[in-house]
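Q: Based on what follows, work out the 3D shape:
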Amino acid sequence: MASPTRETPAKSRPRQKRGEGQWALGYREPLNPNERSKKDDNPLNARGRIENIYARGGFDSIDPGDLRGRFRWFGLYTQRKEGIDGGRTATLEPEELDARYFMMRVRLDGGMLTTQQLAVLAEISQTHARGTADITDRQNIQYHWIRIEDVPTIWQKLENAGMTTMEACGDSPRVILGSPVAGIAADEIIDGTPAIEEIKRRYIGDPQYANLPRKFKTAISGQQDVAHEIHDVAFVGVNHPEHGPGFDVWVGGGLSTNPMIGQRLGAWVPRDEVPDVWEGVISVFRDYGYRRLRSRARIKFLVKDWGAAKFREVLEEKYLKRPLLDGPAPDVPPAPIDHIGVHRQVDGKFYVGAAPVAGRVNGETLLAVAKAAERAGSERVRLTPQQKLVVLDVPETEVPGLETELAELGLHTKPSPWRRSVMACTGLEFCKLAIVETKARAQALVTDLEKRLADVQGDLENPVSVHLNGCPNSCARIQTADIGLKGQIVTDAGGRQVEGFQVHLGGGLGLDAGFGRKLRGHKVVADELVEYVERVVRAYLDGREPGERFAQWVGRADESLLQ
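A: The predicted structure follows:
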């Protein structure tokens, strides 16, 4: 009798890769609620409803799809309801976290302001925002306590003065970072201002670019003062050996929970072609970006999967219809550029950079700055990507008086290393995503460090940057700080759940571009934060080699010195 035979198992079919919602590959049907909302109605249409329905009917008349979605295209987010602690952030529904007031971002591309515009921003703060007006690390002004009834009036005041909230938030091309000293800095390779202005004129508010997979951040500068390594697209000033000053193109940078340093395309672009290349890059993102999962919808994930060479190939062949010129990498500056202090301009006048603590100012301060600048002969003010403020075009004879007036407002031109380098996000005070307080804690931290480390302040050739973030999203760039602090609820020595921070050390941009070390399992209780920072800074000063930067020391230090 023949022995029974065994059936040969069928070969398993290779698992088909799930579509990522890329429009260029035919995935047009929305794959998540955010994409459905944008397909149901272009977010730019929300303005008409704000002006004609919601401002008249009040908060209760607002459609939820506009309230928690399309409003963002006009710089509006609901702010956090008072009295909700950070431990409840992830446990409540959006409507339980919503206050009946809004955060509003005013879009200020390149941080550019006249003193007249600054006075308008101050008046809006005092009249409509309970005096709030923070300088953000996106060169925006950010208000709180905005009522929906007041939004059309605020828009009218802004637009009459040449400002806007258009696409300050949302899945759109957000504010373009630019050098605060464009056109006047002695060490600038090329002025990026004309390119910024042309992009604004052509593309901001255009429905073709108002439905992106997620937000799109741009930086354009003739020097490396805009954190170009962590932008979706960046144009960095560089001299081409044959063609002269132009821009090196970077794509795919970003932070949050999956930080990535941008990649060079190896392409040199003259200034008048920057808007065309920008349009090509944003179009690649719009058409090929991943729309299925919000967590993978930034351009950095596409660049990581494709690589810079393929991205450049698609950009050139499908969008620009021409090759780009190859170009050199820009030289990396020896230290971070923040424009604090007094500096000579190319025209012989001076610019004066001053440091509020973590961008926290108010309407009264902004108005006083506008008046002080005008008394000093200036009509131009700039906001910086480090949450600071710069007055341009000051005659040499007026510099001392301006410095004195700014210092009286709490804006120091010779700040301590801690005041100079601290950054903080909005935090628990107003943000619905936050877990811990940040702005007030940054102020207290600076004050305490100025006292506790006064004896070694002169030993810090470069300030040790301390950045505080209220949640994992890294709005305050914690992964690229010397000491980055990510807010969490932690357990203290007594077993209580309290505010605290996960610690990142030794991150940086420029020479130290990278994300440093995250100490496994190491968290600091908020009440012990100043002692922790003091301990690590003193360990660095005691153990560093001559000329060694903080990030370099962290990279080789024993972990026991970092805890």
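
Q: Could you report the neighbour count for P245?
A: 16 (other CB atoms under 10 Å). For every residue, glycine as well, the C-beta is placed using N, CA and C.

Q: nope, Q497 is what I meant
A: 12.

Q: Which residue is the nearest non-sequential neighbour of it?
A: I489 (5.3 Å; CB to CB, 6 or more residues apart in numbering).

Q: show me what contacts that neighbour?
A: Each residue near I489 by CB atoms under 8 Å, 6 or more residues apart in numbering is listed here: G86, G87, I435, V436, Q497, V498, E499, G500.

Q: my read is it is in a helix, agree?
A: No: counting by DSSP: H, G, I helix; E, B strand; the rest coil, I489 is located in no helix; its state is strand.

Q: any idea how far it is from M423?
A: 22 Å (CB to CB, to the nearest Å).

Q: cool, G253 as well?
A: Computed as CB to CB, the G253 to M423 distance reads 17 Å.

Q: Please check the contacts of I489 and keep the buried ones.
A: G86, I435, V436, E499, G500 (16 or more other CB atoms under 10 Å).

Q: can you put these in TSV and add distance to W23 and secondary structure?
A: TSV is the format used below for the buried ones among the contacts of I489 (distance: CB to CB, whole Å; DSSP: H, G, I helix; E, B strand; the rest coil):
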residue	distance to W23	secondary structure
G86	38	helix
I435	35	coil
V436	38	coil
E499	42	strand
G500	42	strand
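
Q: lowest confidence element among the helices and strands of this structure?
A: For the chain, using mean pLDDT, DSSP states H and E, the weakest element among its helices and strands is strand 517-525, scoring a mean of 86.

Q: next one: that strand to chain centre, how far?
A: Offset of strand 517-525 from its chain centre (CA atoms, centre = their mean, to the nearest Å): 24 Å.

Q: for that strand, packing partners?
A: Using 3 or more CB pairs under 8 Å, 6 or more residues apart in numbering; DSSP states H and E, the elements in contact with strand 517-525 are strand 483-491, strand 497-505.

Q: who does it pair up with?
A: Next to strand 517-525 in the sheet, as set by DSSP bridges, lie strand 497-505 (antiparallel).

Q: how about the helices in the stretch 101-250 of the chain?
A: Secondary structure of the stretch 101-250 of the chain (DSSP state H, counting those that start in this stretch): helices located at 115-128, 151-160, 193-203.

Q: got the angle for the second one vs helix 115-128?
A: Here the directions of helix 151-160 and helix 115-128 differ by 170 degrees (axes from the mean of the first three to the mean of the last three CA atoms, to 10 degrees).

Q: The last one now?
A: With the same axes, to 10 degrees as the criterion, the two stretches helix 193-203 and helix 115-128 enclose an angle of 50 degrees.

Q: What residues of helix 193-203 count as buried?
A: For helix 193-203, the neighbour count (16+ other CB under 10 Å) marks T193, P194, A195, I196, E197, E198, I199, K200, Y203 as buried.

Q: any low-confidence regions in this structure?
A: Applying pLDDT under 70 to the chain flags the ranges 1-17.

Q: Try it again at 80.
A: The model of the chain has pLDDT under 80 over residues 1-18, 520-521.

Q: before we move on, the earlier item: save the helices of the stretch 101-250 of the chain as JSON lines, and put in distance to H228 too.
A: Converted to JSON lines, the helices of the stretch 101-250 of the chain look like this (distance: least, CB to CB, whole Å):
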{"stretch": "helix 115-128", "distance to H228": "26"}
{"stretch": "helix 151-160", "distance to H228": "28"}
{"stretch": "helix 193-203", "distance to H228": "14"}
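
Q: out of these, nearest to D512?
A: helix 193-203 (27.1 Å; CB to CB).

Q: to the chain's geometric centre, what's the distance from that closest one?
A: On CA atoms, centre = their mean, the centre of helix 193-203 falls 19 Å from that of its chain.
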